[in-house]
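K.L.:
Have a look at this prediction, sequence included:
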Amino acid sequence: MTAALQFDPIRLPPVCQKLREEVRAFLAEQIAEGVFNPHKPQAEDTDIPEFSRRVGERGWIGMTWPKKYGGHERTFLERYVVTEEMRVANAPTRRFFVADRQSGPVLLKYASERIKMDIIPRICRGEVCFSIGMSEPNSGSDLFAAKSKATKTDGGWLLNGTKIWTTSAHIADYMLGIFRTSPPTQENRRHGLTQFLVDMKAPGITVNPIAQLSGLKEFNEVVFENVFLPDDHALGEIDGAWKQATSELAYERSGPERFLETSYVLTELVRALGSEPDTRSAEGIGRLVAQLHTMRRMSVSVAGMLQGGKEPVVEASIVKDIGTIWEQQLPHRVRDLAAFVEPDATNHETLEDQLAFATKIAPKLTIQGGTTEVLRGIIARGLGLR
């Protein structure tokens with residue numbers, strides 16, 4: 001199959017600017033109250049339930065979802081604005097972000113009415129945290145090599161196996177996991193995978209945090225030993241989860257969080273260099289800002305296509321590929337330009353601290369959400385090159 005590559009030239013409407021002002025005012029209040037520090041990006045790893053509840057009260061979780069389930073039926077472009085402002089402010093969104101970005105839409109499409117009425121409103125209130133169980137030991141980013149099994153039993157399924165690099169599993173209430181329910185066929189190695197809603201408090205689940213160079217422990221190994229799930233926790237088509245996973249990744253890979261994760265070092269560099277940087281510094285900043293603007297236009301375009309009911313999987317993969325490489329390289333580019341920062345700059349220490357932290361987290365950026373190699377395979381296949 002060959003997909004026509006397209007980035008629609010979409011502009012944010014006036015309602016988005018009004019919303020942006022509201023979000024900025026809210027975040028300024030939270031910062032003033034000491035809820036989080038925008039100059040400490042590692043705070044994003046912090047679970048702050050009260051912040052999540054306040055975001056839910058303002059209707060900024062589940063923004064595009066039906067009101068029947070607690071959503072607000074607003075646009076993907078409005079949701080884009082909220083995500084962008086939260087990311088730029090280094091707000092602690094961990095408790096609700098994955099549920100809002102991708103787990104909620106999957107439940108809305110495939111879950112039973114009972115599950116939707118129970119869980120979706122709680123997501124919208126900022127009360128529920130989700131994790132995603134795809135990667136496994138010894139399989140890298142090859143989803144179709146998954147070996148963790150779901151075996152049919154009376155009234156449900158038994159899960160056995162291990163997932164790894166599972167973000168936020170240590171605080172998650174639920175996981176959307178991919179498990180093997182049948183062997184792959186010779187003709188189709190994608191066959192045999194099924195998606196499940198997993199209650200992370202169920203007996204038989206062990207979560208082992210994985211420490212990172214940065215000191216954060218957002219990734220986890222999750223071990224399943226005869227974990228029972230009711231029948232209605234199987235989502236969508238049995239043995240056909242690869243179709244659902246592909247659709248889900250269009251939500252996961254295209255947002256501004258895919259190129260803004262280290263953007264704070266660029267903001268801090270601009271502050272440190274002041275309003276009259278030398279020619280070399282001005283040129284360097286100009287290049288970085290131009291690149292950032294281009295990625296932003298592409299991401300807004302994908303948000304607009306999602307709003308139009310499309311599934312821009314290839315375009316989303318391109319945004320993620322370009323974006324994560326850029327944000328991974330950004331700390332090194334900023335460090336080069338920071339050589340011209342005056343030692344007595346008022347934010348010199350903050351810039352150095354941020355650069356140290358961003359450099360440590362940079363290696364993970366081209367892995368989380370799909371490795372660069374996997375993304376380029378998806379792009380090549382979509383363009384008919386393989």
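P.N.:
Okay, I see it. Numbering: from 1, shown residues only.
K.L.:
Can you give the distance from the host helix or strand of residue 30 to the centre of its chain?
P.N.:
Under the criterion of DSSP states H and E, residue 30 resides in helix 14-32. Its chain's C-alpha centre and that of helix 14-32 lie 21 Å apart, by C-alpha atoms, centre = their mean, to the nearest Å.
K.L.:
Check which helices and strands that helix is in contact with.
P.N.:
helix 49-57, helix 76-88 (3 or more C-beta pairs under 8 Å, 6 or more residues apart in numbering; DSSP states H and E). All C-beta atoms are positioned from the backbone trio N, CA, C, and that covers glycine.
K.L.:
so what secondary structure elements neighbour the longest one?
P.N.:
I take that to be helix 76-88. For helix 76-88, the elements it packs on are helix 14-32, helix 279-307, judged by 3+ C-beta pairs under 8 Å, 6+ apart.
K.L.:
at 10 Å instead, please
P.N.:
Contacts defined by 3 or more C-beta pairs under 10 Å, 6 or more residues apart in numbering; DSSP states H and E place helix 76-88 against helix 14-32, helix 94-98, helix 264-273, helix 279-307.
K.L.:
Please identify the most buried of the ones you listed.
P.N.:
helix 94-98 (a mean of 25; mean count of other C-beta atoms under 10 Å).
K.L.:
hmm, who's touching the helix or strand just after that one?
P.N.:
Using DSSP H and E, the helix or strand that follows helix 94-98 in sequence is helix 104-110. Here helix 104-110 makes contact (C-beta atoms under 10 Å, 6 or more residues apart in numbering) with 61-62, 64-66, 69-71, 96, 98-99, 111, 115-116, 118-120, 123-124, 128, 130, 132, 174, 176, 195, 197, 234-237, 241, 244-245, 247-248, 250-251, 306.
K.L.:
Dump the helices and strands packed on helix 76-88 into a markdown table; add mean pLDDT and distance to residue 160 as well.
P.N.:
Shown next, in a markdown table, are the helices and strands packed on helix 76-88 (pLDDT from 0 to 100; distance: least, C-beta to C-beta, whole Å):
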| stretch | mean pLDDT | distance to residue 160 |
| --- | --- | --- |
| helix 14-32 | 97 | 42 |
| helix 94-98 | 91 | 24 |
| helix 264-273 | 93 | 42 |
| helix 279-307 | 93 | 35 |
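K.L.:
Can you add distance to residue 385 and give those back as a markdown table?
P.N.:
Listed next are the helices and strands packed on helix 76-88 as a markdown table, based on distance: least, C-beta to C-beta, whole Å:
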| stretch | distance to residue 385 |
| --- | --- |
| helix 14-32 | 36 |
| helix 94-98 | 31 |
| helix 264-273 | 33 |
| helix 279-307 | 20 |
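K.L.:
how about the ones you listed, which one is nearest residue 187?
P.N.:
Across those, residue 187 has its closest neighbour in helix 279-307 (31.7 Å, C-beta to C-beta).
K.L.:
Out of the helices and strands packed on helix 14-32, indicate the one that is most buried.
P.N.:
Among the helices and strands packed on helix 14-32, the stretch with the highest mean neighbour count (mean count of other C-beta under 10 Å) is helix 76-88, at a mean of 22.
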